[in-house]
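Colleague: This is a predicted model, with the sequence first.
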Amino acid sequence: MNLKSSLIFTLFTLVISCKDYQQTKTADSTTPLLGNYSSTAHLIEAEDLLTKTDRRYQKIIDFRKKEDYQKGHIPGALQMHRPDIEDNSYPYKGMMASKKAIEVLFSKLGISTIDTLVVYDDKGGSDAARLWWLLQNYDYNKVKLLNGGFRAWKALNGAQESKQVSLEPTNFMLPNEGSMSYLVHREELQNLLSTDNKLLILDVRSEDEHSGKRQKSGALRAGRIPKSELIDWSRAIDYHGTHKFLPYDELEVIYGNLGAEKEDTIITYCHTGVRSAHTTFVLSELLGYSNVKNYDGSWSEWSYYKDLPSEKDSTTIILQ
């Protein structure tokens with residue numbers, strides 16, 4: 001090969017190599033940091049939030065207790081917590097707030113209908129997922145969970161402020177009455193228990209709660225809903241580390257062992273529907289199960305009705 005031919009071959013090789021690199025780079029840029037999830041439409045990484053410069057149509061929601069918010073939060077974040085989105089008219093705690101109550105709350109906080117909400121907590125996303133779940137039922141889809149929550153933000157040395165953020169009130173309106181596509185009521189669950197042979201009920205509480213050894217405050221008895229399978233909600237995240245969701249392949253192993261098909265009906269529940277909202281997010285968003293519903297009242301409501309059946313493995317020795 002002469003010098004001219006050698007130079008042409010080298011240039012051709014470099015062009016092809018650069019093209020392959022660009023294609024690889026483009027593919028990598030669309031890949032979630034933690035794996036090939038079924039959907040990341042409602043998930044955002046702390047790195048992306050940190051580098052985002054245009055926040056005109058974005059509101060950050062700090063979904064922790066007020067005292068934690070006051071110690072330090074992501075700049076510009078509005079404070080909200082679980083009691084703010086609950087309906088206190090029931091004899092048990094934790095039921096989802098009405099459409100009107102959410103509209104009043106969001107209007108007062110200065111949230112606009114066109115805003116995308118980025119929600120975080122410091123509990124591995126369980127509290128934040130409850131807000132995601134509620135808004136999905138009211139067909140408000142512009143919600144993203146911050147993967148890893150406040151812990152992920154601090155790990156990047158993200159800025160913090162302690163002042164209360166106050167915005168001008170708005171006239172926030174939810175799009176309609178809501179499809180309630182991720183919700184199951186007590187009466188519906190009772191019916192499914194007796195009619196759906198393929199029904200999978202997931203108790204995502206701790207082992208002690210599932211067995212009946214532990215009775216949390218707000219429940220009138222210990223135990224579980226019949227036919228429940230135990231799978232602690234926290235198994236879906238790096239609970240003792242980053243608080244981020246596990247990669248797709250690891251989640252698929254954990255939940256795939258339950259034997260459910262992607263289209264089967266799956267009902268999740270916990271104590272008041274918070275931890276189970278997190279599992280609903282994992283199953284429906286990250287793993288692509290198409291018929292997952294969270295039992296809003298969960299064990300607090302089920303235990304209230306003495307005529308409803310329950311199961312129990314051990315003597316209750318803990319009351320909290």
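Modeller: It's in. Residues are numbered from 1 along each chain as shown.

Colleague: The stretch 101-250 of the chain: strands as residue ranges?
Modeller: Secondary structure of the stretch 101-250 of the chain (DSSP state E, counting those that start in this stretch): strands located at 116-120, 143-146, 183-184, 200-203, 214-215, 228-230.

Colleague: What about G76, how many residues nearby?
Modeller: Neighbourhood size, G76 [other C-beta atoms under 10 Å]: 14. In this view, the C-beta of every residue, glycine as well, is placed from N, C-alpha and C.

Colleague: Please apply the same query to A129.
Modeller: 29.

Colleague: Just want the most central residue of this protein.
Modeller: By C-alpha atoms, centre = their mean, the chain has its centre lying nearest to A129, at 2.9 Å.

Colleague: May I ask which helix or strand encompasses the residue nearest to that one when sequence neighbours are not counted?
Modeller: Nearest non-adjacent residue to A129, counting by C-beta to C-beta, 6 or more residues apart in numbering: H278, 4.0 Å away. If you go by DSSP states H and E, H278 is part of helix 275-281.

Colleague: how far away is F281 from E311?
Modeller: Separation of F281 from E311 (C-beta to C-beta, to the nearest Å) stands at 27 Å.

Colleague: Next: K227.
Modeller: From K227 to E311 the distance is 8 Å (C-beta to C-beta).

Colleague: again with I317
Modeller: 17 Å.

Colleague: now E187
Modeller: 20 Å.

Colleague: Pick out whichever of the two has more residues nearby.
Modeller: E311 (13 against 8).

Colleague: Find the nearest non-adjacent residue to K312, please.
Modeller: G212 (3.5 Å).

Colleague: and T51, how many neighbours?
Modeller: Based on other C-beta under 10 Å, the number of other residues close to T51 is 9.

Colleague: Restricting to C-alpha, output the helix holding H278 in PDB.
Modeller: Only the C-alpha atoms of helix 275-281 are listed here, as PDB (Å, rounded to 0.1, in the frame of the first residue of the first chain):
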ATOM      1  CA  ARG A 275     -45.600   2.400  51.100                       C
ATOM      2  CA  SER A 276     -47.900   0.600  48.700                       C
ATOM      3  CA  ALA A 277     -48.100   3.700  46.500                       C
ATOM      4  CA  HIS A 278     -44.300   3.300  46.100                       C
ATOM      5  CA  THR A 279     -44.700  -0.300  45.100                       C
ATOM      6  CA  THR A 280     -47.400   0.700  42.600                       C
ATOM      7  CA  PHE A 281     -44.900   3.100  41.000                       C
END
